[in-house]
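J.: The following block contains a protein sequence and its predicted model.
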Amino acid sequence: MQSNWTKTIIILLVVGMLMAVQAIPLGPVLAQGAGPNLLTDGDFEAPPVWPMQDGIGEIQVAPGWRAWYLDSPPSYVERPRWCYNDDESPKDSGCYWMRPEFRDNVAASFANRVHGGIRSQKYFSFGRMHQAGLMQRVTGVTPGAILRFSIYIQAWMCFDIDKCGINGIISDAPSDMHLRVGIDPYGGTDPFSPNIIWAPEQEAFDRWVEFSVQATAQANAVTVFTHSRPDWDWARMDNDVYLDDASLVQIGGPGVIVAPPTTPPQATAESAQPTPIATSTTIATSTPAVTRTPRPDGAVVHVVQSGDTLSGISFQYDVLLEELYRLNNLNNQSILKVGQEIVVQVVATPAPPTATSAPTSLPATATLPPPTATPALGSLCLSAFEDVNGNNLMDGSELYLAAVNFLVLSGQDGSQAARYQTDDSPQPHCLTTLPPNAYTVKIKAPPGYIAVPDQAGVGLTLGKPVNLSVAIRKDSPLTPASGATELVQPAATPGTQQTSQGTILPAALIGGAVLLLGLAGIGVIVLRRRN
């Protein structure tokens, strides 16, 4: 009989140990900060429950990330035919457009919708279109660092649910989803900023596809974006997007922190997930015909090969992406074609000597690109409005707010470049004396208000004015005191998440130890009574 009591005690101890282990958060979340991934919760494995964004119950995103979306359809989306009344007047846009719902997806329910681990991010619009995605702003990067953002995306679109398989594993009559990813190298948080470098669109219906883009940081912060927009002329009931296993790694530039490859370069280049080093090697060896020999007109060109991107060409030739745009009259929406010639450098070529020619230095100077000293100014337009409904958008009933202070700091040395305080004018105030550069703008709201956000990174280039409109909200009793405004920043979420996990782990271990000691004590008492 005594042996039976011994077995009982052993079983109780094992159960206690399992309960203690289950109380510890999953390893991948804690290991996230130890590797080269600069993103917070890039694997979307943070324990539930994910926080509600801006207090909206239908928007739950992984810590560190932020959802972006359009509440109203943009002008470039065509209104479907059924969204008109009999008198040809348009119906409310809610008949075809909505803000999507953001949730987590767990492998226990839909294993095919998780790329790695047990959880992924999903968002969807039922019977209506949307334009939305996720973004994350990363600070502490080094200007000039070459960064690569990658993330796995899967889409599902269904018209007839009976044709979409069990648990919706097959798309029915899918149309365009306009999936793509991008990086704002200046750290801006506007998903429609011209500064964003977007990779070409891809489709990913019913399968995981890795999306990636490269960019050179122009400030001490960058922002990564994902994008989707289902596009159809007759309604699909389900318009779902799933995201998992994202990373932002530095692959070149100053202070590169890329770890050495763990597999031979050849095997890595052929794998489905190449390391950054293998990727750069592939780019360098895939275009043997490209040389730096200039043409007679002094232009050094790159002939576009299959798989080339402007960011990849920028990295290969060590030339700023903005310079490629200027030399080739392109922008971040331009699409490359195989065989297209991209000018990567203009080399000065001396003019033939003539009897009346000037000294030899003058023709060489004359063939250089035109100087940027005149004009050499950017335009930064600042405004602030009272965000009454808290949606970060200036709606028709909301007004510009006075007494909001903007402090513009140079991205190079942090020195003050400009300062402005808003008045009650209904028009933005434009600073037109700033040279092209990366800047950090700090916003201080008047007493009783808070700025959302209270800091933004912007980049100024010639001929492209930048509009920075900041949402100002009334302060609440729960708002941190002055001097702790970083707690309301999206970038502060990682610290909050790490703190909460740092307390969960010791608590789980202590709780498990107490449970084991308690069970052991019970076993001793039982044995003594039995004896």
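T.: Sure, I can see it. Numbers count the residues shown, from 1 in each chain.
J.: In this structure residue 224 contacts residue 37, no?
T.: No. Using Cβ atoms under 8 Å, residue 224 is not in contact with residue 37, being 11.5 Å away. For glycine as for every other residue, the C-beta is placed from the backbone atoms N, C-alpha and C.
J.: Give the intersection of the neighbour lists for the two.
T.: Shared contacts of residue 224 and residue 37 (Cβ atoms under 8 Å, 6 or more residues apart in numbering): residue 248.
J.: The two: who's more crowded?
T.: The neighbour comparison of residue 224 against residue 37 (other Cβ atoms under 10 Å) goes to residue 224, with 28 against 17.
J.: Can you list the residue ranges for strands in the stretch 351-500 of the chain?
T.: 378-386, 405-410, 416-421, 429-434, 437-444, 449-452, 455-460, 466-474 (DSSP state E, counting those that start in this stretch).
J.: need these in CSV with mean neighbour count and distance to residue 53, can you?
T.: Below are the strands of the stretch 351-500 of the chain laid out as CSV (neighbours: other Cβ atoms under 10 Å; distance: least, Cβ to Cβ, whole Å):
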stretch, mean neighbour count, distance to residue 53
strand 378-386, 20, 20
strand 405-410, 18, 26
strand 416-421, 15, 30
strand 429-434, 16, 30
strand 437-444, 20, 20
strand 449-452, 21, 12
strand 455-460, 23, 18
strand 466-474, 19, 14
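J.: Select from those strands the stretch with the lowest mean pLDDT.
T.: The stretch with the lowest mean pLDDT among the strands of the stretch 351-500 of the chain is strand 455-460, at a mean of 78.
J.: Tell me which other helices or strands that one touches.
T.: On a contact count with 3 or more Cβ pairs under 8 Å, 6 or more residues apart in numbering; DSSP states H and E, strand 455-460 meets strand 378-386, strand 437-444, strand 466-474.
J.: Show me what the second one pairs with in its sheet, parallel or antiparallel.
T.: Strand 437-444 sits in its sheet next to strand 405-410 (antiparallel), strand 455-460 (antiparallel), going by DSSP bridges.
J.: got it, and the last one?
T.: Paired with strand 466-474 in the same sheet, following DSSP bridges, are strand 378-386 (parallel), strand 449-452 (antiparallel).
J.: for the helices and strands packed on strand 455-460, which one sits closest to residue 430?
T.: strand 378-386 (4.2 Å; Cβ to Cβ).
J.: re the thing from before, of all the strands paired with strand 466-474, which lies closest to residue 321?
T.: Short answer: strand 378-386, nearest of those by Cβ to Cβ, at 16.9 Å.
J.: in stretch 182-202, what's buried?
T.: Buried residues in stretch 182-202, counted by 16 or more other Cβ atoms under 10 Å: 182-191, 193, 195-199, 201.
J.: Between the two ends of it, what distance do you get?
T.: This stretch, stretch 182-202, spans 13 Å end to end (Cα to Cα, to the nearest Å).
J.: Stretch 201-216 too?
T.: Distance across stretch 201-216, first residue to last, is 20 Å (Cα to Cα).
J.: average model confidence for that stretch?
T.: pLDDT averaged over stretch 201-216 gives 93.
J.: and what of stretch 254-263?
T.: Rounded mean pLDDT across stretch 254-263 is 52.
J.: do stretch 60-68 as well
T.: Computed over stretch 60-68, the average pLDDT equals 95.
J.: CA atoms only: put that stretch into CSV for me.
T.: Extracted in CSV, the C-alpha atoms of stretch 60-68 (Å, rounded to 0.1, in the frame of the first residue of the first chain):
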residue,chain,number,x,y,z
GLN,A,60,-6.4,44.0,-32.1
VAL,A,61,-2.8,43.9,-33.3
ALA,A,62,0.4,42.3,-32.0
PRO,A,63,2.5,44.4,-29.6
GLY,A,64,4.9,46.7,-31.3
TRP,A,65,2.8,46.8,-34.5
ARG,A,66,0.1,49.3,-35.5
ALA,A,67,-2.8,48.9,-37.9
TRP,A,68,-3.4,51.5,-40.6
